[in-house]
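S.K.: would you be able to build a 3D model of this:
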Amino acid sequence: MSRKFRASTPLRRGCTRLPTLLALVAFAAFASSGCATYSDKMAKVMTTTTMGDYQGSITSIDKLMDVDQPGQLPEKFESETALGLLERGTLGQAIFDYKGSSRDFIAADAELQLLDLSDDTVGSIGKYIYSDSSTKYVSTPTEKLCLNSYNMMNFLAQGDLAGARVEARRFTVMQNYLESTDIDGVHIAIGSYLAGFTFEMLGEWQSSMRYYEEALQSRSLDSLSAPIHRLAPMTSYRGKNLTRVLGEAPVDPIEAARTKDPKLADLLVIVSVGRVPYKIPERMPIGMAVGVAGSWISGNPEVLGHTAMKFINYPKLVQSGSIFGKVALRVDDRPASLELASNLGKEITSEYEAIKPRIIGAAVSRMIVRAAVAEGVRQAGNQQSEGLGWALALLTEATMVAADKPDTRSWMHLPEKVYVYRQRTPAGQHAVDVIFGANDGDTISREVTLAPGGFAAVVVTAPR
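M.R.: Coordinates of the predicted model:
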C-alpha cells in the first residue's frame with residue numbers, strides 16, 4: 001500500500017495544489033464582486049432625493065466626490081467626478097441655488113467628452129459604455145445638450161442674458177457637430193426654446209427665429225405662436241415650421257397690438273419634474289445576446305461552446321418615473337397652462353435603444369475573450385488532472401465575470417419632463433405657484449418683479 005501511495009505522489013501534489021488554487025480564485029471572485037456600480041453608489045442618494053431632501057442628497061454627493069466644504073469644486077477629477085457635478089448641479093437648481101448650479105455645470109462641461117456614435121466600433125463602445133468604469137465619464141449627445149439647456153435656465157433665472165447667450169452658443173456648437181456627424185434623432189426642444197427666448201430678449205430677432213424653428217422640429221408649441229407672429233415683421237428669416245405657424249389663424253390684431261406695448265414685460269416659467277431612465281446591471285442569456293448584437297460581435301463565437309457561463313452582464317435601462325402624476329400652475333392666483341416642451345425620458349430611451357446592439361455586442365465580445373482565456377487555463381490544468389483543468393477553467397470564468405461590472409454611469413438626476421409657460425404681462429410684482437401632485441399636494445411659490453420691457457424667468461426643478 002505504501003508503494004502505491006508513493007507511486008501516485010505526482011497526482012497527489014496536483015491535488016494538494018487544487019484547494020489552494022481554488023481558494024485563491026474564489027477569493028479573487030469574491031473580492032471583485034464587491035465593487036459597487038455607479039447605480040449602486042447612488043441608490044441611497046436617489047432615495048433621499050425622492051423624499052424631497054435635496055440638501056441631504058447634495059451632502060452625500062459631496063462625500064462621493066471627496067469634497068470637504070459645501071459648494072467646493074473637487075481638487076481632482078476621477079472617473080465619476082464630472083458626473084457627480086451634474087448631479088449636484090441639478091440638485092442645486094432644485095434648491096434655487098442658480099449660481100452654484102451654474103458653477104457645477106460649467107466645471108462638468110469642461111471635463112466631459114462626447115460619446116461619438118457616428119463612426120463607432122465595438123471597441124469604443126466597450127471602452128466607454130461597457131467598461132470597468134475606470135475611464136472618465138463620457139456623456140451621450142442628449143446629456144451634453146441638456147447640460148447647456150439647464151445652464152441656460154440658471155442664467156435666465158438670474159436675469160443674466162450674457163451668460164444665457166454663452167450657453168446658447170455652446171448648445172449650437174454641439175448641435176452643429178451632431179448634424180455634421182449625421183447623428184439623427186436628438187432634438188432637445190427646450191434648449192432651442194430657451195436660446196430663442198434669450199436672443200429675443202437681446203433684440204436679435206433673426207437668431208431668435210432660427211432657434212424657434214429648431215424648437216418646433218419635434219413638437220408643436222402653442223406658446224411660441226404669439227412671439228413668432230410678433231417677430232415676423234422684424235426679420236425675413238423663415239423655415240418650414242415658422243411658415244406653418246404664420247400660416248395658421250393669425251393672432252387677434254387687438255391682442256397683437258397689446259403684446260407690443262413697451263410697458264409690458266415677459267414672464268417665463270420653466271418646470272422640470274421626475275427623473276430620466278437610468279442604468280442597472282442586468283444579465284441576459286448568451287443566446288439572446290448573440291441575437292440582439294448581430295454583426296456588432298468581434299471574435300469567434302464558437303469558443304462560447306466551451307464556456308460554463310451562459311449569460312452576459314450589461315447595463316440595462318430602467319424607468320425612474322416621478323412621484324408626481326400631475327403638475328399645475330397658477331399665476332397671480334389664476335390657473336395658467338403649462339406646455340410640455342421636452343420629454344427627456346423618451347429622448348434618453350430612444351438614444352439607448354439605438355446603441356443597445358452595440359452595447360450587447362461589446363458584452364458578448366468580452367465574453368468571448370473570457371471563454372478563450374478559460375479554455376487555455378483548462379488545457380493547462382488538464383496536463384495534471386482533467387478535474388483540475390475544468391475546475392480552474394470554471395473558477396477563472398467566474399472570477400472574470402465577477403470583475404466585469406457593466407458601466408451604469410449616467411446623469412441620474414436629469415429631470416424627465418420639462419414644461420414651459422410664457423406670457424407678456426403688465427410690469428410689477430407677480431406670484432407664481434407650481435403645484436405638484438393632485439389636490440394641491442406640494443406647492444412651490446415664487447415672487448417676481450417685472451420691469452417695463454423686461455423679463456423674469458422662474459425656474460422650478462423637482463427631480464423626484
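
S.K.: please enumerate the helices of the stretch 301-450 of the chain.
M.R.: 344-382, 386-403 (DSSP state H, counting those that start in this stretch).

S.K.: which stretch in the ones you listed is the model least sure about?
M.R.: Ranked by mean pLDDT, the helices of the stretch 301-450 of the chain bottom out at helix 386-403, with a mean of 63.

S.K.: and the helix or strand encompassing I106, what does it pack onto?
M.R.: With elements delineated by DSSP states H and E, I106 resides in helix 98-111, which encompasses its position. Counting by 3 or more CB pairs under 8 Å, 6 or more residues apart in numbering; DSSP states H and E, the packing neighbours recorded for helix 98-111 are helix 81-94, helix 141-157. For every residue, glycine as well, the C-beta is placed using N, CA and C.

S.K.: as CSV, those with mean pLDDT would be great.
M.R.: Listed next are those as CSV, based on pLDDT from 0 to 100:
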stretch, mean pLDDT
helix 81-94, 97
helix 141-157, 96
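
S.K.: would you mind putting those helices into TSV with mean neighbour count and distance to D104 alongside?
M.R.: Shown next, in TSV, are the helices and strands packed on helix 98-111 (neighbours: other CB atoms under 10 Å; distance: least, CB to CB, whole Å):
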stretch	mean neighbour count	distance to D104
helix 81-94	26	3
helix 141-157	26	9
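
S.K.: reformat those as CSV; add distance to S236.
M.R.: Formatted as CSV, the helices and strands packed on helix 98-111 follow (distance: least, CB to CB, whole Å):
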stretch, distance to S236
helix 81-94, 37
helix 141-157, 26
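
S.K.: can you say which of the ones you listed is nearest to E204?
M.R.: Nearest to E204, of all the helices and strands packed on helix 98-111, is helix 141-157, at 15.1 Å by CB to CB.

S.K.: helix 81-94 and the closest one, what's the angle between them?
M.R.: Interaxial angle, helix 141-157 versus helix 81-94 (axes from the mean of the first three to the mean of the last three CA atoms, to 10 degrees): 40 degrees.

S.K.: give me the pLDDT value at the nearest residue to E248 once chain neighbours are set aside.
M.R.: Distances taken as CB to CB, 6 or more residues apart in numbering place S225 nearest to E248, at 7.4 Å, with adjacent residues excluded. pLDDT, S225: 93.

S.K.: am I right that S225 is in a helix?
M.R.: Yes: counting by DSSP: H, G, I helix; E, B strand; the rest coil, S225 is found in a helix.

S.K.: wait, it touches V245, no?
M.R.: Yes: using CB atoms under 8 Å, S225 is in contact with V245, at 5.8 Å.

S.K.: comparing the two, which residue is more hemmed in?
M.R.: V245 (21 against 16; other CB atoms under 10 Å).

S.K.: okay, the closest residue to the more buried one other than its chain neighbours: pLDDT?
M.R.: Counting by CB to CB, 6+ apart, V245 lies nearest to I228, which is 5.1 Å off, once chain neighbours are set aside. pLDDT, I228: 95.

S.K.: so who does S102 touch?
M.R.: G89, N151, N154, F155, Q158, G163 (CB atoms under 8 Å, 6 or more residues apart in numbering).

S.K.: and the residues you listed, which is closest to G345?
M.R.: G89 (19.0 Å).

S.K.: grab the nearest non-local neighbour of the closest one.
M.R.: If the residues on either side of it in the chain are set aside, G89 comes closest to D104, at 3.5 Å by CB to CB, 6+ apart.

S.K.: so A328 is in contact with L338, correct?
M.R.: Yes: contact criterion CB under 8 Å: A328 and L338 qualify, at 7.2 Å.

S.K.: and the nearest residue in space to Y38 that is not next to it in sequence, how many neighbours?
M.R.: Excluding the flanking residues, the one nearest Y38 by CB to CB, 6+ apart is R409, at 4.3 Å. R409: 26 surrounding residues under other CB under 10 Å.

S.K.: wait, R409 sits on E78?
M.R.: No: contact between R409 and E78 fails when scored by CB under 8 Å: they sit 11.9 Å apart.

S.K.: re earlier: pretty sure the residue nearest to V245 sits against L246.
M.R.: Yes: between I228 and L246 there is a contact under CB under 8 Å: 6.6 Å.

S.K.: more neighbours: the two, which one.
M.R.: Under the criterion of other CB under 10 Å, the comparison of I228 against L246 puts I228 first, with 23 against 13.

S.K.: give me the phi and psi for that one.
M.R.: Dihedral pair for I228: phi -70, psi -40, per degrees, to the nearest 10.

S.K.: the chain: strands as residue ranges?
M.R.: Remark: strands assigned in the chain by DSSP state E are 113-114, 138-139, 264-273, 278-285, 311-318, 327-331, 334-336, 339-343, 417-426, 428-436, 442-450, 455-462.
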